[in-house]
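[1] below: sequence and its predicted model.
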Amino acid sequence: MTASLPPMTRRLLDASTYAVLATVNGDGSPQSSVVWVRRDGDELLMSTIRGRRKTANMARDPRVSLCLYDPADPFQYVEVRGTVDMVEEGGNELIDELSRAYLGKPWKHRPAEVRLVVRLTPSKVVERVSVRSPSYVGRDD
């Protein structure tokens, strides 16, 4: 079942916020990578290259976690948990779109790299609202 993305999550994603993608290595240890990400409805799209560690990890175990924090208030953050699938179709187009959103310029493609589209289907979304936010309710976590 796909979890819907709450408003703060949508806002951070639509603002081209850098995210940290966590995958699981073959020995069970965590692996993290900073990634660019965008929304496609309630699913998230990222780009990777065939042969990267995170790509191999996701092919073996599609469970991932993605964390984004608000650059204006780092105590306000989102974790999106779910599973991914990867396809080659649209890989070059997605990295170009993400490069324009994050860097303001087109991506310089390298012919030797096979670009993949990573589609994250959220199963759980956890938002933490800042203590400075009027909607914050004291917590002991």
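    That came in fine, so what should we check first? Residues are numbered from 1 along each chain as shown.
[2] what ranges do the strands span in the chain?
    Assigned by DSSP state E, the strands in the chain fall at 19-24, 30-35, 38-40, 43-49, 63-70, 73-87, 115-128.
[3] quick one: closest of these to Glu93.
    strand 115-128 (8.6 Å; C-beta to C-beta). For the C-beta atoms, the positions are set from N, CA and C on the backbone; glycine is no exception.
[4] partners of that closest one, with directions?
    Under the criterion DSSP bridges, strand 115-128 sits next to strand 43-49 (antiparallel), strand 73-87 (antiparallel) in its sheet.
[5] between the ones you listed, which one is closest to Leu98.
    strand 43-49 (5.9 Å).
[6] name the residues of the closest one that are buried.
    43-48 (16 or more other C-beta atoms under 10 Å).
[7] would a markdown table of those with pLDDT and distance to Asp14 be doable?
    Formatted as a markdown table, the buried residues of strand 43-49 follow (pLDDT from 0 to 100; distance: C-beta to C-beta, whole Å):
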| residue | pLDDT | distance to Asp14 |
| --- | --- | --- |
| Glu43 | 97 | 14 |
| Leu44 | 98 | 12 |
| Leu45 | 98 | 13 |
| Met46 | 98 | 15 |
| Ser47 | 97 | 17 |
| Thr48 | 97 | 21 |
